[in-house]
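**Student:** next come a sequence and a model predicted from it.
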Protein chains: 2
Amino acid sequence: MNSRDPVSAKPSFKEQMLAAREEAIIQTVNRLLAEKGFDAMTVDEVAADVGIAKASLYKHFPSKEDLAAAAMARAMERACDFVAALPEDVAPRDKLKSVVRWTLEMQLAGQMPSLPSQNSSLRAALMGNVSYMDGLMRVSDQLGAWIESAQAQGTLNAALPPVAVLYTLFARACDPVVEFLKAGGQHSDEEIIGFVLSTCFDGLNSR
Amino acid sequence: MNSRDPVSAKPSFKEQMLAAREEAIIQTVNRLLAEKGFDAMTVDEVAADVGIAKASLYKHFPSKEDLAAAAMARAMERACDFVAALPEDVAPRDKLKSVVRWTLEMQLAGQMPSLPSQNSSLRAALMGNVSYMDGLMRVSDQLGAWIESAQAQGTLNAALPPVAVLYTLFARACDPVVEFLKAGGQHSDEEIIGFVLSTCFDGLNSR
DNA sequence: GTCTATAAATAGATAGAC
DNA sequence: GTCTATCTATTTATAGAC
């Protein structure tokens, strides 16, 4: 159990410093992605914000796309953790609601990164990031299972294909309505969350 | 009634050619904005697509932002026309539904331009474009009136602030769910429209 | 690994002839 | 107004010393 056994070895001080720096980088990227988006974010800016030279940044991540992918992977990990930590005894529909609420809270806190879905080089970097893909699959599988349960229980509209429901829930994580209502300044964060949750699950129609 | 009377004058051949060229430019920009978004669209590309030199493009529009704003203004005009052409005898809620359906059809046809909401220079160009601002106000006013009517009639959830409803409807015009479902290839355009309309107005919950 | 300095490429915008 | 050619700034990425 030493440095010759990389699996169980306790990380050395150097390794811890390295990990801490990468963590700082990812957090900065995460914030910038949430603030201004992928295209407007520059690598110079990231380096300056972290407080290291740009060349050092490229020792950790080989490209801007990989930088963004790492941040998305981290966000997906957090989503995974949240999903896994939900109490068992809650109805599947309410679990889905909790997840949406969580994504809305992240957005309002300026901590939800989002990427342009059209960029192909970015898609390649995302699909090449095993951590991201793993998290995405796990979250999708879990949400998909809850969706089907809720539809079987009659609490979720069974006329909708589960995948359409899944996409609709994912889309709430980058819903422009949140930022617009926030920019309006007329409503508290909790009110905004209530409105979006209501339109999402209850719809616009009167009941 | 000649060239000295610019208000009522019949446009000269030269003016018609100019207008036609600008129309071609705007249509190209519209398509590129729908395909790849503002950041990925380059001015070189626009010029090449239209078939003129880049410098010529800049004689018509002073910047890339103005180019995009012109395309958005045109799209807003079309929205205005559609809204104005809706039959009077339809219930307000169904008029709103028709408008959303129209935006979904535009998206599926690859003709709905969309801009990043974070870019500030872009916002300035948009707000400086009187045609766009005029169309935006007219559409917003009309939709707002229908929203309040529908809430008064009890067909739309009156617990939601009208502005939240308005934003939710606007957001459907750039809903990523549409492109994801389209990319999935499992559903027809009409099915996709049905799903999105259902989630928007009926919500995800079972009824 | 971190730094300074620089390369290499791209893209928005313009000069000046016609 | 349209063109070719060019400018200028920005940005991703790297070379090479320490």
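**Tutor:** Thanks, I have the structure now.
**Student:** what about A:Asp39, distance to DNA strand C?
**Tutor:** Distance of A:Asp39 to DNA strand C, given as Cβ to the nearest atom of the strand, to the nearest Å: 10 Å. Bear in mind the C-beta positions are built from the backbone N, C-alpha and C, glycine included.
**Student:** name the helix or strand for the residue most central in space within chain A, please.
**Tutor:** Closest to where the C-alpha atoms of chain A average out (Cα atoms, centre = their mean) is A:Ala75, at 3.8 Å. According to DSSP states H and E, A:Ala75 maps onto helix A:64-85.
**Student:** who's in contact with the residue nearest to the centre of chain A?
**Tutor:** A:30, A:106, A:112-113 (Cβ atoms under 8 Å, 6 or more residues apart in numbering or on different chains).
**Student:** if you rank these by neighbours, which is first?
**Tutor:** Neighbour tally across these (other Cβ atoms under 10 Å in any protein chain shown): the maximum, 25 neighbours, falls on A:Pro113.
**Student:** how confident is the prediction for A:Cys16, by pLDDT?
**Tutor:** Just to correct that, residue A:16 is Gln rather than Cys. With respect to pLDDT, A:Gln16 has a value of 89.
**Student:** can the single longest helix found in chain A be said to contact DNA strand D?
**Tutor:** If you go by DSSP state H, chain A has its longest helix at helix A:13-40. No. If you take Cβ under 7 Å from any atom of the strand as the test, helix A:13-40 misses DNA strand D, and the best it gets is 7.5 Å.
**Student:** next SSE after that helix?
**Tutor:** Following helix A:13-40 toward the C-terminus (DSSP H and E): helix A:43-50.
**Student:** quick one: average pLDDT of that next one?
**Tutor:** pLDDT averaged over helix A:43-50 gives 98.
**Student:** who are the packing partners of the longest helix of chain A?
**Tutor:** On a contact count with 3 or more Cβ pairs under 8 Å, 6 or more residues apart in numbering or on different chains; DSSP states H and E, helix A:13-40 meets helix A:43-50, helix A:54-60, helix A:64-85, helix B:13-40.
**Student:** what's the spacing between that helix and its chain's center?
**Tutor:** Average the C-alpha atoms of helix A:13-40, do the same for its chain, and the two points are 14 Å apart (Cα atoms, centre = their mean, to the nearest Å).
**Student:** please point out which parts of that helix sit buried.
**Tutor:** A:21, A:25-26, A:28-34, A:36-39 (16 or more other Cβ atoms under 10 Å in any protein chain shown).
**Student:** render the CA-only coordinates of stretch A:66-78 in CSV, please.
**Tutor:** What follows is stretch A:66-78, C-alpha atoms only, in CSV (Å, rounded to 0.1, in the frame of the first residue of the first chain):
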residue,chain,number,x,y,z
ASP,A,66,-12.1,19.2,-22.8
LEU,A,67,-12.2,21.9,-20.2
ALA,A,68,-15.9,22.4,-20.7
ALA,A,69,-16.5,18.7,-20.8
ALA,A,70,-14.8,18.3,-17.4
ALA,A,71,-17.1,20.9,-16.0
MET,A,72,-20.1,19.2,-17.4
ALA,A,73,-18.9,15.9,-16.1
ARG,A,74,-18.6,17.4,-12.6
ALA,A,75,-22.1,18.8,-12.9
MET,A,76,-23.4,15.5,-14.0
GLU,A,77,-21.7,13.9,-11.0
ARG,A,78,-23.5,16.2,-8.7
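**Student:** which ones among the contacts of A:Ala75 map onto helices?
**Tutor:** A:30, A:106.
**Student:** got TSV for the contacts of A:Ala75, with pLDDT and distance to A:Ala145 too?
**Tutor:** Formatted as TSV, these follow (pLDDT from 0 to 100; distance: Cβ to Cβ, whole Å):
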residue	pLDDT	distance to A:Ala145
A:Asn30	98	28
A:Met106	98	22
A:Met112	98	24
A:Pro113	97	26
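**Student:** all set, thanks.
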